[in-house]
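K.L.:
coordinates for the following, if possible.
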Amino acid sequence: MSRANIGGQAVLEGVMMRSPELQAIAVRTPSGAIVTEVDKLNPLAKRWPVLGWPLIRGMTALYEAMAGAISSLSRSAQLVYPEEEIPAWQMALVTVLALGLGIGLFFLLPAVLVNLLSRGWAASPLLLNIAEGLIRVLLFVGYLIVIGLSRDIQRTFAYHGAEHKSISCWEQGKPLVPEEAATCSRLHPRCGTSFLLLVVALSILIFSLFTPANLLAKLLLRLALLPFLAAIAYELTRWTAKSRSLLAKLVLAPGLLLQRLTTREPDVKQLEVAIAALKAVVDPGES
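P.N.:
Sure, this is the predicted structure:
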């Protein structure tokens with residue numbers, strides 16, 4: 001197995017890890033025990049090779065990541081709060097609503113705001129699109145700062161850091177123990193935070209090429225171009241994670257900087273949980 005194709009995310013009091021063949025979650029239950037569960041995956045690109053082609057694979061990966069996020073979040077909630085039944089459909093609904101809110105807040109609202117401002121501002125379409133992009137970036141960063149003030153979110157961000165440290169430990173060939181993982185960086189080039197920032201940054205460039213005067217047409221065009229933006233951002237994320245060129249480092253740098261907002265230094269217990277999830281996908285026999 002390649003050491004460069006393991007990904008994951010923080011869940012409630014735990015971590016989900018994902019390889020091309022397996023998905024595992026490890027959760028610290030209220031009793032203090034670590035519960036680990038593993039599911040086999042059947043990737044879409046394996047069944048339909050066309051879905052693994054460049055650009056197309058970005059949307060495929062995004063869909064599978066969202067499906068994995070919904071299932072892992074739902075299961076972690078069941079393990080952490082066994083007395084509360086949280087149906088999978090409710091978790092899926094919350095995820096879809098959150099996605100819709102994110103698209104509205106970060107991609108549609110800036111266009112509406114700039115449209116209102118432009119009524120009293122004689123500026124070129126290019127400048128208006130740049131202003132829209134800057135508003136989008138400020139909203140995105142501001143949102144991360146605000147939610148990071150919550151203690152619960154800070155704990156989730158610590159599990160996010162534990163996920164990154166554990167994966168980096170594995171990629172560097174170090175023993176998968178908390179003491180070794182603690183020495184690794186909590187920032188990782190393949191993080192979803194970096195991916196989202198790339199989508200936001202690319203939108204400034206791509207949206208500037210399409211500037212319909214009608215607001216409704218502009219909003220519909222923004223929505224139509226989102227899959228294309230995500231596909232390009234996915235390819236750039238893969239490239240920056242592998243390349244050691246100066247250009248790749250420059251493209252990657254803002255995302256790594258932003259990860260300082262979405263990750264926290266984990267404690268030993270959180271690293272233990274992340275490592276348990278990672279071992280379940282890289283060495284199922286041992287776990």
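K.L.:
tell me which helix or strand in the protein has the weakest average pLDDT.
P.N.:
None of the helices or strands of the chain scores lower by mean pLDDT, DSSP states H and E than helix 88-103, at a mean of 81.
K.L.:
list the helices and strands that helix packs on?
P.N.:
Here helix 88-103 touches helix 56-80, going by 3 or more Cβ pairs under 8 Å, 6 or more residues apart in numbering; DSSP states H and E. The C-beta positions use only the backbone N, C-alpha and C, and glycine is treated the same way.
K.L.:
in the helix it packs on, what counts as buried?
P.N.:
Neighbour counts over helix 56-80 (16 or more other Cβ atoms under 10 Å) mark 56-58, 60-62, 64-65, 68-80 as buried.
K.L.:
show me the shaky parts of the stretch 101-250 of the chain.
P.N.:
Where the stretch 101-250 of the chain drops to pLDDT under 70, the residues are 120.
K.L.:
now with 80, please.
P.N.:
119-126, 211 (pLDDT under 80).
K.L.:
ok, which stretches of it are helices?
P.N.:
109-118, 125-147, 151-171, 178-181, 192-208, 215-242, 246-262 (DSSP state H, counting those that start in this stretch).
K.L.:
who's in contact with the residue nearest to the spatial centre of the chain?
P.N.:
Centroid-nearest residue in the chain: residue 192, 2.6 Å away (criterion: Cα atoms, centre = their mean). Contacts for residue 192 (Cβ atoms under 8 Å, 6 or more residues apart in numbering) come out as 9, 65.
K.L.:
list of residues touching whichever helix or strand residue 281 is part of?
P.N.:
Assigned by DSSP states H and E, residue 281 falls within helix 268-282. Taking contacts as Cβ under 8 Å, 6+ apart, the residues outside helix 268-282 that touch it are 1, 6, 8, 13-19, 21-28, 34, 36, 38, 158-159, 161-163, 165-167, 169-170, 176-178, 181-182, 266, 286-287.
K.L.:
now the angle between helix 151-171 and that helix, please.
P.N.:
50 degrees (axes from the mean of the first three to the mean of the last three Cα atoms, to 10 degrees).
K.L.:
what residues sit buried inside helix 268-282?
P.N.:
Those buried within helix 268-282 under the rule 16+ other Cβ under 10 Å are 270-282.
K.L.:
got it, and stretch 196-207?
P.N.:
196, 197, 198, 199, 200, 201, 202, 203, 204, 206, 207.
K.L.:
what's the span of stretch 180-192, first residue to last?
P.N.:
24 Å (Cα to Cα, to the nearest Å).
K.L.:
chain center to stretch 75-84, what's the gap?
P.N.:
The chain centroid and the centroid of stretch 75-84 are separated by 23 Å under Cα atoms, centre = their mean, to the nearest Å.
K.L.:
what residues does it touch?
P.N.:
By Cβ under 8 Å, 6+ apart, stretch 75-84 touches 11-14, 16, 25, 27, 29-30, 35, 37, 85-86, 91.
K.L.:
now do the phi/psi pair for residue 22.
P.N.:
phi -130, psi 150 (degrees, to the nearest 10).
K.L.:
for the spatially closest residue to it that is not a sequence neighbour, give its distance to residue 176.
P.N.:
Nearest residue to residue 22, sequence neighbours excluded (Cβ to Cβ, 6 or more residues apart in numbering): residue 281, at 4.4 Å. Distance, residue 281 to residue 176, by Cβ to Cβ, to the nearest Å: 11 Å.
K.L.:
residue 146 too?
P.N.:
35 Å.
K.L.:
ok, residue 240 next?
P.N.:
Residue 240 is 25 Å from residue 176, by Cβ to Cβ.
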